[in-house]
Each structure stands twice: as C-alpha cells, then as structure tokens.
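1. sequence and predicted structure are below.
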Amino acid sequence: MRPPRRPWLLTAVATAVTAAFLLPVYWMAKTSLTRPDRILSPTPQWAPTPVTGRNYATALGYAGLTRALLNSLVISSGVVALTLLLGVPLAYALARVRMRGSGTMVLALLVAQLPPAIVLAAPLFILERRAGLAGTYLGLIAADTTLTLPFTVIVLRPVLRGVPSELEEAAQIDGCGLPGVLLRVVLPLMVPGVVATAGLSFLIAWGEFLFGLTLAGGPDVQPVTVLLNSFVGQHGTSWGALMATATLISIPVVCVFALFQRFIVGGLMTGGVRG
Amino acid sequence: MKPSPSPAARRRRAGYLFCLPGMTFLALFLAYPLCYNVWTSVHDVDLGQLLGGTERFNGLDNYRAVLDDPAFWHAVRISLIFTLGSLLLQFTLGFALALLFARPFPLNGLLRSLLLVAWLLPPVVSGTLFRWMLDAESGAYNALLSAVGLGGLGHDWLTDPSTSLAGVIFANIWVGVPFNMLLLLVGLHTIDPELHEAAAIDGAGAWQRFRHITLPLMRPVSVTVLLLGLLYTFKVFDIVFVMTGGGPVDATRVLSLYVYEVFFTSFRFGQGAAAGLLLLVVPLLAGVFYVRRLRREEDTPAGGAV
C-alpha cells in the first residue's frame, strides 16, 4: 500500500485504539496496586495513588498460592519437554520421509484439534483414575500435551520442509543415520520454529484450566488457574488480592511473549491454532 | 547372504520409528479416551456402578435422555447465540483493526504485539478480570459510563439474567479480536498493492477500492478465519465458567458447561458421555470443511499462510 501522507496521525489512532482495548489489563495491574480501602468506590481512581504492595502480601498469604504457582511451572515445563520430545521427530518424519500413511497421520493430527476439551476431560477423568494417574503431575502433563502436540507438529512440518535436502543428503552420505541427521543438521536450522512451539506450548499449559479442574483432584498438583477460580468464590469482593493473583499469573505470560514475540507471532500465523 | 536394505528403505523404517512415540501417545491419551467415551455413552454408569464394575448396556437410552432434556436444548440455544455473537463481532472488529495495521506507520509492530497480549492471557485470568470490569458498584465500565454522562446505562451486567450473556460475549470478543486481526492482516499483506494503485489512478475512491478489491480478495482468508473462530468459540469453557458458572438461572449455560454439569456435578457419566459426543457434531462438520480447504491451499503455492 502507498505510504500514508500523515503516518503519525495513524500512530495516534492506533495508540488510542490499543489503549482502549487494553484498559482491562491496565485496570488489573492498577487495582492490584491500589490500597484495599480505595478499590471499592463508586468513583474509581485512574491511577493507584499511593502505590501499595499490600494486595500482593494478602494474595501470597492465601493458602496454596505459592504451591499452585510452582505446580503450574512444573506442569508447563513438563508439557514443553514432552511436546518437543514427541513432536520434533514426528514432525520431521512427516515432513521429510516418504512413507505410506503419512497423509493419514497429518489428517489425524488436524482432527485431533477438533474435540472440545470437555469431551476429552470426561473420559480422562475415569481412565486416569483407573491408571493411577489422577492427581499426579504426569496425569496433567499428559492431558495438556494432547492440546500442544498436534499443533506443534502442524506448525513444525512446513518449517522442516524448508530445510534444504542437500544438507541432509550430504550428512547421510557421510554415514549419519536419521537420528544423527535430525540432531546435528536439521535441529540447528529449525531453532526459530522450535522456540515458537515451545513458547506457545508453555503458554497453553500455563493457562490451561479444565484439565486442572477435573484431573488434579486436590491442592497437591492443582495449577494456579484452578486456584484463581476458587479464590473468586472464596474472596469474591477482595478485588485487590484477586487482581494481584491474576497479575502474578499474567507476568510469566507477558515475559514469555516479550522474549519470543518474533517467533511466536510467526508460529501463530503458520499454525493458527490454539487449544 | 541377505542383501542389506536400500538407503530409502532404511530411511523409511527410521521414519516410522520417529512417528511411533508421538502417535502412540495420542492413541493412548486422545483416541482411546474418545473411544471409551463412546462405550460409556451406551451404558448406564454412575459413580457406584463405575467403582463396582457393574455398568449395564442400555443402547441409545442416554442419547434419548439427553435429547429429551429441555436443559440440553436451552444450552444449544445459548451456545448458538454465544457463538454467532462472538464470531460476527470479533471478525468485524478484527477486520477493522487489520485494515488499520495493514498501513505502515511508526510503532505499528509494537502496538500490534501489545494487542496480542489480550489473546494470550489465560482465559481464567480474563474471566476474573471481566467480572471485575463489569462489577455493578465499582466496575470500570460502569464508572466510564457515568464519566461520559451515561450513568443511567450503568448496570449489574453479570447478575442480571437479561444481560449476563451479553457480558460473557463481550469478554469473549475481547479475547478473540487480536487473533482475528492477526490472521486477517496476513491476508491483507498478500494483496498486491499495485491493484490499489491502478484503481486509484483510474479514479476509484477508498470505499470503492475496499468494496471491489479488498473484500473479494479477502474472501478465502475470511472463510478460514471464520471457520477457525467457529471451532474455538464453540469450544469455549473457561471464560464462561469463571465469569458466571453458567448462571444466573442458566442464562449463560453453553453446551460445554452443560456437559460439565451432567458429567462432573451430577455424575451421570453415561449421559455426560452421550452429550459430549453430540457436542462433537459441530466441530466435526466445521473440521471437514477446514481440512478440505487446507488441503486445497497446500496444493497451491501461495496458500501456506493460514
């Protein structure tokens, strides 16, 4: 498109739109820093004066918050590890190896993203109980990975197709087996794709709620999203502490996104898919 | 002596081995549970029978029970309004934003990324946040309304059954807009700028160019975005669950919450499984369309983006 005549005018419009759109996020941070007695007023303040950390102290004093944050970290890291461990070889084989059934497998991976989580949570609730996986990190990691693995493969496959095959052939002539080719030649070339899918898998697992609600079975492995929901029930009007909790949950999301933003946006555009 | 396998055959065998762990995992944790759901849906199962292993085959009774349940049809209606409302508004707003961000201007990339934050926040966080924003006494939106002299419109949005669905849709649109914008932006960038220039030289105004160049060329991307939007919106559970729990008086009980309640609150496993499988109909239909489009796009070189 032609360069606009007054680009700064567009910047002003876009800034105003973005600010209006992000008002809820600002309000969350603002409320979390406002003195509790000033939050519930019919004429809300626009800035948190004076700034206070008291809501954070209250929230961290609620039973189980630090534990739940830790649980979410363990689960999300586990999901990233399991997703990459299973997904990278799978994506590689589906992208680069001519074999019968690969079309069917790709189709299966696309279909795997269709069922609403509740349809899967119901049978998993029974089956994980029987298998002794209910109420364990592993049970939650496995459930979350059913969301991340299919999209990871769908995103990585086109990335892998872009790796020039001459490089692989050269490595194979030098006596490298397929695992060697993947690890030494292909993997270094697909770092951006892997980073994007790892970041997105982390974000999906960090924000996952329904499996946590139905499969965790107690505070021991319960993710922080489930705890936030029960805080809403227990401390319904302590908006300062609730928003402090919500902000604490959001900080890792913003950090992961800020760090890997470039990769993640690219990954979103090729995958276009989220649990 | 046996001839050693050709390199191609060796490669193929290694390829299958590479697929094995991932596909086995999905078979165990995705395919098998879904099949087990089918089994549950044709049995009479409650908590006691499940523990005792005394489930009784009851044919299509569970499906019949679900289809005879007025609460199910109520949820169908709520889901329909929720999905169509979210879909149309988030697409329209996303399109408008995409048109804005398709033009080059300073800080474009930064602002666009900031918008995406709304989409990446955990739905439970967004849900909690909008409970607070829409709060009757001290919520920011009511305060904004009074600040611009529309205090009379101030309202207890989420506890009034006649507005709670609108409140939940509002929050869901907020989550969906950035994603729609991003995908539509990709589509806008594939339109050849020379088309616009040529039309402008021929005297076409901005509206005419939008109407006769942008809109028709955006059709394929728009269909994909709407299909994906349908898939996501139909699945939504978290944000509704956190904001209203399906209430007040079932005014926001979408289908996924209905299934949750039958299965996890009343422990009617057979009926819950049957309802869950009925829930698959919409995504499967949409998925068939989506996969067919994706296949077609993969065959054409330009299609990979969405």
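-> Sure thing, it's come through.
2. list the contacts of B:Phe289.
-> Contact analysis of B:Phe289 by Cβ atoms under 8 Å, 6 or more residues apart in numbering or on different chains lists B:Leu227. Every C-beta, even on glycine, is put in place using the N, C-alpha and C of the backbone.
3. check contacts around the nearest residue to A:Arg35 once chain neighbours are set aside.
-> The shortest distance from A:Arg35 to any non-neighbouring residue, by Cβ to Cβ, 6 or more residues apart in numbering or on different chains, is to A:Thr52 (5.0 Å). A:Thr52 sits next to A:Leu33, A:Thr34, A:Arg35 when contact means Cβ under 8 Å, 6+ apart.
4. those residues, buried ones only, as a PyMOL selection?
-> In PyMOL, a selection of the buried entries from the contacts of A:Thr52 looks like this (16 or more other Cβ atoms under 10 Å in any protein chain shown):
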select buried, chain A and resi 33+34
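5. nearest to A:Leu215, of the contacts of A:Thr52?
-> Nearest to A:Leu215 among the contacts of A:Thr52: A:Leu33, at 34.5 Å, using Cβ to Cβ.
6. that closest one contacts A:Asn55, doesn't it?
-> Yes - between A:Leu33 and A:Asn55 there is a contact under Cβ atoms under 8 Å: 7.2 Å.
7. dump the contacts of A:Thr52 to CSV, plus pLDDT.
-> Listed next are the contacts of A:Thr52 as CSV, based on pLDDT from 0 to 100:
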residue, pLDDT
A:Leu33, 93
A:Thr34, 90
A:Arg35, 89
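8. residues near residue 190, how many?
-> Unless you meant another one, I'm taking chain A. By other Cβ atoms under 10 Å in any protein chain shown, 21 other residues sit near A:Met190.
9. that answer is for a different chain, and I need it for chain B
-> Neighbour count of B:Thr190, defined by other Cβ under 10 Å: 14.
10. for it, grab phi and psi.
-> Dihedral angles of B:Thr190 (phi, psi; degrees, to the nearest 10) stand at phi -80, psi -10.
11. quick one: it from B:Leu217, how far?
-> To B:Leu217, B:Thr190 is 8 Å away according to Cβ to Cβ, to the nearest Å.
12. what does B:Ala286 give?
-> According to Cβ to Cβ, B:Ala286 and B:Leu217 sit 23 Å apart.
13. stretch B:172-192: which residues count as buried?
-> Buried residues in stretch B:172-192, counting neighbours by 16+ other Cβ under 10 Å, are found at B:172-188, B:191.
14. can you tell me what sits against the helix or strand where B:Asn37 lies?
-> B:Asn37 belongs to helix B:32-41 when assigned by DSSP states H and E. Residues outside helix B:32-41 that contact it (Cβ under 8 Å, 6+ apart): A:115, A:119-120, A:122-124, A:126-127, B:55, B:62-63, B:269-270, B:272-274, B:276-277.
15. against which helices or strands is the helix or strand following that helix packed?
-> The helix or strand immediately downstream of helix B:32-41 is strand B:43-44, counting by DSSP H and E. In terms of contacts (3 or more Cβ pairs under 8 Å, 6 or more residues apart in numbering or on different chains; DSSP states H and E), strand B:43-44 is packed against strand B:56-57, helix B:61-67.
16. what is the first one packed up against?
-> Packing partners of strand B:56-57 (3+ Cβ pairs under 8 Å, 6+ apart): strand B:43-44.
17. parallel or antiparallel, list what pairs with the strand it packs on.
-> The strands beside strand B:43-44 in its sheet (DSSP bridges) come out as strand B:56-57 (antiparallel).
18. same question for the strand it pairs with, mean pLDDT?
-> Mean pLDDT, strand B:56-57: 85.
19. I'd like the distance from the helix or strand encompassing B:Thr128 to the chain centre, please.
-> Using DSSP H and E, B:Thr128 sits within helix B:123-133. Mean C-alpha position of helix B:123-133 versus that of the full chain (Cα atoms, centre = their mean, to the nearest Å) differs by 18 Å.
20. again with stretch B:140-147
-> With Cα atoms, centre = their mean as the basis, stretch B:140-147 stands 30 Å off its chain's centre.
21. so what touches it?
-> Contact with stretch B:140-147 is made by A:23-24, A:27, A:42-44, B:132-136, B:151, B:153-155, B:157, as judged by Cβ under 8 Å, 6+ apart.
22. with stretch A:128-138 instead?
-> Defining contact as Cβ under 8 Å, 6+ apart, one finds that stretch A:128-138 is touched by A:71, A:74-75, A:78, A:125, A:139, A:142-143, A:215-218, A:220-221.
23. go again using 6 Å as the cut-off
-> A:Val74, A:Gly139, A:Leu215, A:Gly217, A:Gly218, A:Val221 (Cβ atoms under 6 Å, 6 or more residues apart in numbering or on different chains).
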